[in-house]
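A.B. asks: Got a predicted structure plus its sequence, pasted below:
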Amino acid sequence: MRFVEVSKRFGDNIVFDQFSLAIQPKTIMAVVGPSGMGKTTLLQMASGLLVPDSGAVVKEEGESGSVSYLFQEPRLLPQGTVFSNVELSLHKAFPDKKERTDVAMHYLNLVGLHDFIAYYPRQLSGGMRQRVAIARSFAHPSAVILMDEPFQSLDIKLRYNLLDSFVSLWNESPRTTIFVTHDPKEAVLVGDSVCCLGNPKEPNLLFKIHIPREARNISDSELLGLESKLVKALVEA
Ligand SMILES: Nc1ncnc2c1ncn2[C@@H]1O[C@H](COP(=O)(O)OP(=O)(O)OP(=O)(O)O)[C@@H](O)[C@H]1O
């Protein structure tokens, strides 16, 4: 997916001015930036919910069709079980009931919720609810996943556990992904590239990360170095 010289303003507020960014198919672009710099706006333009004033969002071959959105809050149906929260979203993509059930169960297994499929959201912890939402995003056969600070409200241990779950699902079924986060550590653990919005010297500072995702460690010196560069860029932004 490519943002090509995209401009977007709300009244006098210019959020993007001739902004360009290329996300290689089936890679993860982490996006960090101070509050109000346009991260959610970027996701909305990627999803087609919002149309740029000028410029274009270009999808690569195989990226058209529906997108999966993962939000900070899991947005589950309170009256549906864990299973039906995933299965219900698949009716259009998988008209065959058996196939739909298999797909839902496959992803619920991958996020470790096989023993909780008959539970209702109110019976789950916040982390478990977010696992359901992750399973639902991946179960949907969309080529693009847009993530808006999905782990922000969780404690640090849970956050990194969920990040691991997300990476396992992603490795099993890679999709073009934009991952918005406030946390530079999350960004360097998960992204193939990290785009930092809002730095006055370089409005879309881009870092590429060459360490394979599965080999990344929170205390790896190269990642720590990159993280501190990001923190510096964010403080200057
Ligand atoms: N529908 C809208 N109408 C008017 N202004 C808007 C609208 N949507 C976003 N904005 C403005 O655009 C700017 C970017 O908003 P956006 O939500 O994309 O920022 P963000 O980087 O995601 O912020 P945060 O990190 O706080 O979620 C902000 O100044 C916001 O007030």
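C.D. replies: Sure, I can see it.
A.B. asks: The helix or strand bottoming out on mean pLDDT in the chain close to the ligand?
C.D. replies: Every helix and strand in the chain was compared by mean pLDDT, DSSP states H and E; the lowest is strand 204-208, with a mean of 85. No: on the criterion C-beta under 6 Å from any ligand atom, strand 204-208 is out of touch with the ligand, staying 12.9 Å away. C-beta: built from backbone N, CA, C; applies to glycine.
A.B. asks: What is that strand packed up against?
C.D. replies: Helices and strands touching strand 204-208, by 3 or more C-beta pairs under 8 Å, 6 or more residues apart in numbering; DSSP states H and E, are strand 13-22, strand 193-197, helix 221-236.
A.B. asks: Quick check: the residue nearest the centre of the chain vs the ligand, distance?
C.D. replies: The structure's the chain has its C-alpha centroid closest to Met147; by C-alpha atoms, centre = their mean the separation is 2.5 Å. Per C-beta to the nearest ligand atom, to the nearest Å, Met147 is found 12 Å from the ligand.
A.B. asks: Kindly report the same for Glu73.
C.D. replies: As judged by C-beta to the nearest ligand atom, Glu73 and the ligand stand 13 Å apart.
A.B. asks: ok, now which ones touch that residue?
C.D. replies: In this structure, Glu73 makes contact with Ser153, judged by C-beta atoms under 8 Å, 6 or more residues apart in numbering.
A.B. asks: SS state for it?
C.D. replies: Secondary structure, DSSP: H, G, I helix; E, B strand; the rest coil: Glu73 is coil.
A.B. asks: Around the ligand, pick out the residues from this structure.
C.D. replies: Residues of the chain found near the ligand (C-beta under 6 Å from any ligand atom) are Phe10, Asn13, Val15, Gly33, Ser35, Gly36, Met37, Gly38, Lys39, Thr40, Thr41.
A.B. asks: can you name the two of the residues you listed that are farthest apart?
C.D. replies: The most widely separated members of the residues of the chain next to the ligand are Phe10 and Gly33, with 16.5 Å between them, by C-beta to C-beta.
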